[in-house]
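Novice: Next come a sequence and a model predicted from it.
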Amino acid sequence: MSYVTVQEFLSSPYGADFQPGEDCSVFASSGDVLDFLEYISSLIDLYAGQSFGTGVVEEEFIGKAGQTRVYLRKFPLHAINSIKYHQASYSSTFNIEGYRLEQITMDPGNYRFFKDGRVLFNGSLYSDAVYQVEYIAGYQEIPNPIKMATLMLANTYAQAVDTGSVAIPEGGSTTRFVFDKFETNYVDPRQRYDNMNIGIPVTVHSILNRYKFLK
């Protein structure tokens, strides 16, 4: 999903130069703009470590000995639909992943959850068991700072697509990325998580860092 509408982008100072269908525009139609904004929104998610749109999420993790809690990746957490697990086994009933085909649904009375994504279990999880959690998470309304960050980052990337390349931040590196028919040399935020210089402008960093989820 996109965190801003096509009209919000095109009518903002950040999208004023990218009206679809105009001469030299990188966007041929409003559908192109929406695809582009959805891509930008996904980059926002990748950097922040969470999703800002409300929806159903499925997540897997491996249980560890003595583990009594987990932090789900997406939040705010509104509800857990189910927690199921495949208990690790050395019997002959392996599936291709090495776990028993039998799946067990955990009783909701055996855990409780919190808005920040924490799930606390009444007892220890089974070591090496594969747990599958289906839950509902996200913001009922996209926060205005996230909308602003989306508009700003969309403008930066649209300029990169328009010109074919942009200046490389110190210590950064370029990659060729393609989404639909848009292609350019740019610093992809998915490349580096150990350095603040990963292709997102400092002004956008300052907004997203308030929402960045560190585990």
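Specialist: Ah, there it is.

Novice: So which residue is dead centre in this protein?
Specialist: Nearest to the geometric centre of the chain sits residue 45, at 3.1 Å (Cα atoms, centre = their mean).

Novice: Please look at it and residue 57 and confirm they touch.
Specialist: No. Using Cβ atoms under 8 Å as the test, residue 45 is too far from residue 57 to be in contact (11.3 Å). The C-beta positions use only the backbone N, C-alpha and C, and glycine is treated the same way.

Novice: Any chance you could list residues touching both of those two?
Specialist: Common neighbours of residue 45 and residue 57, using Cβ atoms under 8 Å, 6 or more residues apart in numbering, are residue 51.

Novice: coming back round to it: give me the local confidence score for the residue nearest to the centre of the chain.
Specialist: Note on residue 45: pLDDT of 83.

Novice: a helix runs through it, doesn't it?
Specialist: Yes. Counting by DSSP: H, G, I helix; E, B strand; the rest coil, residue 45 falls inside a helix.

Novice: measure it to residue 69 for me?
Specialist: Separation of residue 45 from residue 69 (Cβ to Cβ, to the nearest Å) stands at 23 Å.

Novice: now the helices for the chain?
Specialist: Using DSSP state H, the helices of the chain run over 6-10, 30-48, 144-163, 202-208.

Novice: Please name the nearest non-neighbouring residue to the residue nearest to the centre of the chain.
Specialist: Using Cβ to Cβ, 6 or more residues apart in numbering and skipping residues adjacent in sequence, the residue nearest residue 45 is residue 51, 5.2 Å away.

Novice: I figured the one you found was touching residue 135, is that so?
Specialist: No. Under the criterion of Cβ under 8 Å, residue 51 is not in contact with residue 135, lying 11.4 Å apart.

Novice: joint contacts of these two?
Specialist: Residues touching both residue 51 and residue 135 (Cβ under 8 Å, 6+ apart) are 57, 74.

Novice: and residue 27, what pLDDT?
Specialist: Confidence score, pLDDT, at residue 27: 84.

Novice: now the closest residue to it other than its chain neighbours: how far from residue 6?
Specialist: Spatially, and ignoring its direct neighbours in sequence, residue 27 is nearest to residue 20 (3.9 Å; Cβ to Cβ, 6+ apart). As judged by Cβ to Cβ, residue 20 and residue 6 stand 9 Å apart.

Novice: Return every residue with contacts to both of those two.
Specialist: In terms of Cβ under 8 Å, 6+ apart, residue 20 and residue 6 are both contacted by the residues 30, 33.

Novice: Look at the two and report which has more neighbours.
Specialist: Counted by other Cβ atoms under 10 Å, residue 20 and residue 6 do not tie: residue 6 has more neighbours, with 19 against 16.

Novice: Good, we can wrap up now.
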